[in-house]
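**Q** Structure of the sequence below:
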Amino acid sequence: MIKYNLKKLFTRKYLVLLPLAYFLLINALAFVQDINEGYHDNLHLFNEGLILLLTIVATTIVWKEIKAGYRNEKSLKKSIQRLDLDNLNYSKQVKILKHELFQVVSAQLEDWLLSKSEQEVAILLLKGLSLDEISQIRKTKEKTTRQQASAIYKKSNLKGRHELSAFFFEDLL
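**A** Below you'll find the predicted structure:
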C-alpha cells in the first residue's frame, strides 16, 4: 500500500514532476487522438511523438532522482542512528573510564596522606585550574590554596603542578 505524505508530495522535485506528468498525459492523449482521427500530417505526428518521448524521458529521470534522493535520505537516517548509538556507547565508556581514573587518582591522593581539602585542591589542579580559580570555587583565600598546593607537592615528593599532572597522565599517552 502506498502512503501519501503531503510533505514529500510538495517537495521541489515533486513540484517539477507534477507538471511533467500532466504534460505527459496531455501529449499522450493528443497524440492518440490525432492517430484515432486519422490525422496524417507526418511532421505534426513526428513533433507530437518527439515531445511525448522527451516528456517520458524527462518524467522518468525526475522520478528516478526523487527515488534516489529518498533512498539516500533513508540511508543517511540509518547512518545517523548508528552514529548516535556509537556516540551513546562511547559516552558510557568515557563515563566508566573517568570514574575509574578518578578512583585511581583518589586512592593515590589518600596514599600520600592528603587532607580532604588538599585532595580537592589536587583534583582541581589536575583539571588545570589556576590557584585563583580554585580559591574562588572553594571560597577560600588564594594564600590558603597556595599553602595547600605546597603541602600537596611536599607530601607527594613532586616539584609542582606539572609533575603532579605528569604523575597521573604520563602513562596514559
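**Q** count of neighbours near the nearest residue to Gly160 once chain neighbours are set aside?
**A** Leaving aside its chain neighbours, Gly160 sits nearest to Tyr153 (6.0 Å; criterion: C-beta to C-beta, 6 or more residues apart in numbering). Using the backbone N, CA and C atoms, a C-beta is placed for each residue, glycine as well. If you count neighbours by other C-beta atoms under 10 Å, Tyr153 ends up with 16.
**Q** Where does Tyr153 fall, secondary structure wise?
**A** Under the criterion of DSSP states H and E, Tyr153 resides in helix 142-156.
**Q** ok, now which ones touch the residue nearest to Gly160?
**A** With contact taken as C-beta atoms under 8 Å, 6 or more residues apart in numbering, Tyr153 is in contact with 159-160, 163-164.
**Q** re the thing from before, so what secondary structure elements neighbour the helix or strand following the helix holding Tyr153?
**A** Per DSSP H and E, the first helix or strand lying C-terminal to helix 142-156 is helix 161-169. Here helix 161-169 touches helix 42-111, helix 116-126, helix 142-156, going by 3 or more C-beta pairs under 8 Å, 6 or more residues apart in numbering; DSSP states H and E.
**Q** in helix 161-169, what counts as buried?
**A** When neighbours are counted by 16 or more other C-beta atoms under 10 Å, the buried residues of helix 161-169 are found to be 161, 164.
**Q** can you offset everything so residue one is 240?
**A** Yes, from this point I'll number from 240; that puts the last item at helix 400-408.
**Q** hmm, who's touching that helix?
**A** Outside helix 400-408, the residues that reach it (C-beta under 8 Å, 6+ apart) are 340, 343-344, 347, 361, 364-365, 388, 391-392, 395, 397.
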